[in-house]
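S.K.: coordinates only, sequence not included:
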C-alpha cells in the first residue's frame, strides 16, 4: 500500500468519501472547543483587554495561508515530476481556500490593529507580506481560469507556483529590509522568551489544530469536486465523439 | 543566437515595432505625477526615485506581451522551437532584445525625467545605477510571464496580474537603493540584492519560460 | 532511414485521432499523407516535428534531421524577403541564400518588405525557407496553399531536386503535385477506434479512463 495509489482517482474518491465526514466532524468539534475556550474561558490581557481574543482566528488563519501555499508547491512538484492528476487538482482546489485564509488574516489583523496601533492598515513587513501572498494567490487562480485545456493549465500553474514561491520568499526578505514594523514577534514558538502566556497558548493550539482539520476537510471536498468536474468533461468529450 | 538578437532589434526599430512607445509612456507618467501630488519641490524630490522606478516598471510592462505573442501569431515560434538553437537560448536572447529596446532606453531617460521631478543631485548616479542593474531582471521576469500567457487570445491583462507580484522584490531593492543614495546613506546592500535578483533571474527563468512555451505550443 | 514511425498514436485536445501509424522514409523518398479534413494530418506532422508529444509509439529521426513548415510561414512583415531568408539561414547555420531565392523565383522581390507580397508570394518565400535549412527531411503541411499552377510546378521541381540530392519529404496535401516518385498514405485506415460508451476505454488520458 503506497501513497501513490491515491493517484488513481477512483481510489482517491473511495477513500476520501470515507475519511471526509470524520475529518469534518473532528474539525467542527476542535474549532468549537478551541474558540469557546479561547473566547469565554481565558482572562483579558492586562494591556490589550478583550481584543486579544481575535488571536484565535488571526494566528491560525495566517498559519494556514502560508501552509496552504507550501502544500500547493509540494503537490505542483509532484504533478511536474510524476504527473499525478489528483495532486495538481488538489493544488487547484486549495488555492481559493488559501486565498480566503489570507483575506481572513488580513481582515482580522486590521480589526486588531485598529485599537492596538490606532490604524487599520500599516505598511508593516508582516502585513505587507500577506498582501503580497494574496496577490500571488490571485495570479495563480487567474491562470487556472484563463487556460482552456486542463493539462496545459496544470503545467503552467505548476511552473508559476514554483517560480512564484521563490519570488514570494524573496519578497518577504525585501519587505523586511524595506520597513521595520510595528508587528509583534511570533505568537507561538518553542525557544523564544517572548511569546504568549500558557493560558492563551493552550486554546490557541487547539484552534490551530481545528484550522488544520478544517483545511484538510475543505481541500478533500474541493478536490472531489474538481475530480468530478474533470470526469464530466471527459465524458462529455467522449459523448461528442461517439 | 546573434541572428535572432539582431532580428528582434531590427523589428523593434522598424515601423510598428513599438520602439519608443514605452519611452513615451514613461515620459507621460512622470509628467502626470506633479499634476497629482502638486508642484511643491520638496515633496517631488522626496518621492522622485520611487516614482521613476514605478514608472520604468510600468513602461516595461507595456511591451511584454509582444515578446512572444507576435512570433506565435506568424508561426515563427513553431519554427524556432524546431530550429537547432535551444528554446532556453531563444528565451534568453529575446529577453535581452527586450531589455536593449526597453530597459536600457528607460534607464538612460530616467535621469532626464529626474530633472522634472526635482530629483536631488546626489541621486542621479544611484538612480541610473540601480535601474541599470534592475531592468534586466524586469525583462527576464516579464519574458517568463509572456511565455506563460503566449497561448491565450487576450493574455495582456492576465500577464500584468502574473508579472506585477513577481516584480515586487526588484522594485523594493531598486527604489531603496536610489532613495538611500539620494539621502547619502550606504546603498551597497540593496544594489547587491538587485544584482543578485538579476543574475538569479537570468540563470533560472529561461528554463521555466522555455518549459512554459513548450506546454503552450502543444 | 531518415524517418521511422512505428505504432504511433496522436491526439488533439485530449481526443485520440490516429493510432497504429507506421511508415518509414529513406533518402530519395517522398510520402504524401491523405485523408479528409480533421483526420489528424497536421497533428501527425507536429508530433513528428517534436512540437507535440505522441500518445504512444515511436518516432525515430536523426538529431536535427527535419525541417518543419506549417500553415504559417514565420515571416516578419517589416523585414524584406532577403532579410527574412537570411535570418532563417543563419539560425540553421547556413550562409548562402542565393540558390533558394533562385529556386523559388524571388529574385525580383528580394528587397521588398514581406508585408507587400501576395499570399502566393509569401508562400513561396516560406518554402524557400526550407531550402536554407539544409535539413534532409522536410515535413510539409499543405505546402501548396495559395500557389498558382506555375508556382506549384516550381515547388514540385525543388522537391524533386531535394529528393535527388538524398533528401526526403513527408507532406500533407490535397492536390496532385505530379511527383511520380511519391508514395501515398491514406490516413483513414489509422483512424482511432472509439469503443461504445461505458466500455471504459476510448479515453486518450489514462486519468480520464480510470473513472469508467
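M.R.: Now that the structure is in, tell me what you want to look at. No experiment lies behind these values; they were computed from the predicted model shown. Numbering: from 1, shown residues only, chains lettered A, B, ... in the order given.

S.K.: Now do the helices in chain C.
M.R.: C:41-49, C:81-91, C:98-103, C:119-131, C:149-164, C:206-209 (DSSP state H).

S.K.: actually chain B, not the one I wrote
M.R.: In chain B, the segments counted as helices under DSSP H are B:2-13, B:21-37, B:41-62, B:66-73, B:76-81, B:87-98, B:104-116, B:123-148, B:156-182, B:188-217.

S.K.: What is the longest one packed up against?
M.R.: The criterion is 3 or more C-beta pairs under 8 Å, 6 or more residues apart in numbering or on different chains; DSSP states H and E, and the helices and strands that helix B:188-217 contacts are helix A:150-178, helix B:76-81, helix B:87-98, helix B:123-148, helix B:156-182. Backbone N, C-alpha and C define where each C-beta goes, glycine included.

S.K.: Could you check the last one and say which residues are buried?
M.R.: Read that as helix B:156-182. For helix B:156-182, a neighbour-count test (16 or more other C-beta atoms under 10 Å in any protein chain shown) marks B:158-182 as buried.

S.K.: from those, which are also near chain A?
M.R.: B:158, B:161, B:162, B:164, B:165, B:166, B:168, B:169, B:172, B:173, B:176 (C-beta under 8 Å from any C-beta of the partner chain).

S.K.: Minimum pLDDT in those, which residue is that?
M.R.: Least confident of those in the model: residue B:176, at 88.

S.K.: Give me the spatial nearest neighbour of it, chain neighbours excluded.
M.R.: Spatial nearest neighbour of residue B:176, excluding adjacent residues (C-beta to C-beta, 6 or more residues apart in numbering or on different chains): residue B:190 at 4.4 Å.

S.K.: What's the local residue count around the one you found?
M.R.: Residue B:190 has 26 neighbours, counted by other C-beta atoms under 10 Å in any protein chain shown.

S.K.: Nearest to chain B: which residue in chain C?
M.R.: Closest residue of chain C to chain B, C-beta to the nearest C-beta: residue C:72 (2.6 Å).

S.K.: OK, contacts around residue C:24?
M.R.: Residues near residue C:24 by C-beta atoms under 8 Å, 6 or more residues apart in numbering or on different chains: C:1, C:3, C:4, C:5.

S.K.: The closest residue to residue C:107 other than its chain neighbours: how many residues sit nearby?
M.R.: Leaving out its chain neighbours, the residue that sits closest to residue C:107 by C-beta to C-beta, 6+ apart is residue C:101, at 5.6 Å. For residue C:101, the neighbour count with other C-beta under 10 Å is 22.

S.K.: My guess is residue C:101 contacts residue C:84. True?
M.R.: No. Using C-beta atoms under 8 Å as the test, residue C:101 is too far from residue C:84 to be in contact (10.9 Å).

S.K.: worst-scoring helix or strand of chain B, pLDDT-wise?
M.R.: None of the helices or strands of chain B scores lower by mean pLDDT, DSSP states H and E than helix B:2-13, at a mean of 84.

S.K.: what's the angle from that one to helix B:66-73?
M.R.: Helix B:2-13 and helix B:66-73 are oriented at 100 degrees to each other (axes from the mean of the first three to the mean of the last three C-alpha atoms, to 10 degrees).

S.K.: how about helix B:2-13, does it get close to chain C?
M.R.: Yes. Using C-beta under 8 Å from any C-beta, we find that helix B:2-13 touches chain C at B:2, B:3, B:4, B:7, B:10, B:11.

S.K.: could you redo those as a markdown table and give each row neighbour count and distance to chain A?
M.R.: As requested, the residues of helix B:2-13 next to chain C are arranged in a markdown table below (neighbours: other C-beta atoms under 10 Å in any protein chain shown; distance: C-beta to the nearest C-beta, whole Å):
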| residue | neighbour count | distance to chain A |
| --- | --- | --- |
| B:2 | 8 | 28 |
| B:3 | 17 | 28 |
| B:4 | 22 | 23 |
| B:7 | 23 | 27 |
| B:10 | 16 | 31 |
| B:11 | 23 | 26 |
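
S.K.: Which of those residues sits closest to residue A:233?
M.R.: Nearest to residue A:233 among the residues of helix B:2-13 next to chain C: residue B:4, at 38.8 Å, using C-beta to C-beta.

S.K.: Leaving out sequence neighbours, find the closest residue to the closest one.
M.R.: Excluding the flanking residues, the one nearest residue B:4 by C-beta to C-beta, 6+ apart is residue B:93, at 4.9 Å.

S.K.: how near is the residue with the largest distance to the centre of chain B to residue B:117?
M.R.: Distance to the chain centre peaks in chain B at residue B:40, reaching 29.5 Å (criterion: C-alpha atoms, centre = their mean). Noted for residue B:40: a distance of 12 Å to residue B:117, by C-beta to C-beta, to the nearest Å.

S.K.: give me the number of residues near whichever residue of chain B sits closest to chain C?
M.R.: When scored by C-beta to the nearest C-beta, chain B has residue B:75 as its residue closest to chain C, at 2.6 Å. If you count neighbours by other C-beta under 10 Å, residue B:75 ends up with 18.

S.K.: can you give me the strands for chain C?
M.R.: According to DSSP state E, chain C carries its strands in the segments C:3-12, C:15-25, C:30-34, C:56-60, C:66-69, C:137-141, C:168-172, C:182-186.

S.K.: helices or strands next to the fourth one in the packing?
M.R.: Okay, so that is strand C:56-60. Counting contacts by 3+ C-beta pairs under 8 Å, 6+ apart, strand C:56-60 is packed against strand C:3-12.

S.K.: just how off-centre is the helix ranked longest in chain A within its chain?
M.R.: The residue-count maximum for a helix in chain A (DSSP H) belongs to helix A:198-241. Centre-to-centre, helix A:198-241 and its host chain are 11 Å apart (C-alpha atoms, centre = their mean, to the nearest Å).

S.K.: Check residue A:187 and give its pLDDT.
M.R.: We have a pLDDT of 60 for residue A:187.

S.K.: ok, now residue C:157?
M.R.: Confidence score, pLDDT, at residue C:157: 85.

S.K.: if we can go back for a sec, now, of the helices of chain B, which is deepest in the fold?
M.R.: The highest average neighbour count among the helices of chain B, using mean count of other C-beta atoms under 10 Å in any protein chain shown, belongs to helix B:123-148 at a mean of 26.

S.K.: and the nearest residue to residue C:125 once chain neighbours are set aside, what is it in contact with?
M.R.: What sits nearest to residue C:125 in space, not counting adjacent residues and going by C-beta to C-beta, 6+ apart, is residue C:81, at 5.7 Å. Neighbouring residues of residue C:81 by C-beta under 8 Å, 6+ apart: C:101, C:106, C:109, C:110, C:111, C:112, C:114, C:117, C:125.

S.K.: Which one of those is nearest to residue C:37?
M.R.: Of these, the one sitting nearest to residue C:37 (C-beta to C-beta) turns out to be residue C:125, at 25.9 Å.

S.K.: Compute the distance between that closest one and residue B:3, please.
M.R.: 17 Å.

S.K.: sec struct for residue A:77, please.
M.R.: Assigned with DSSP: H, G, I helix; E, B strand; the rest coil, residue A:77 falls in the helix class.

S.K.: Now do the same contact list for it.
M.R.: A:158, A:162.

S.K.: Might one say that residue B:186 is in contact with residue B:180?
M.R.: Yes. At 6.8 Å, residue B:186 and residue B:180 qualify as touching, with contact defined as C-beta under 8 Å.

S.K.: Can you read off the pLDDT for residue A:16?
M.R.: 88.

S.K.: Skipping adjacent residues, who's closest to it in space?
M.R.: Using C-beta to C-beta, 6+ apart, the closest residue to residue A:16 is residue A:220 (4.9 Å).

S.K.: ok, the one you found - contacts?
M.R.: Each residue near residue A:220 by C-beta under 8 Å, 6+ apart is listed here: A:16, A:19, A:20, A:23.
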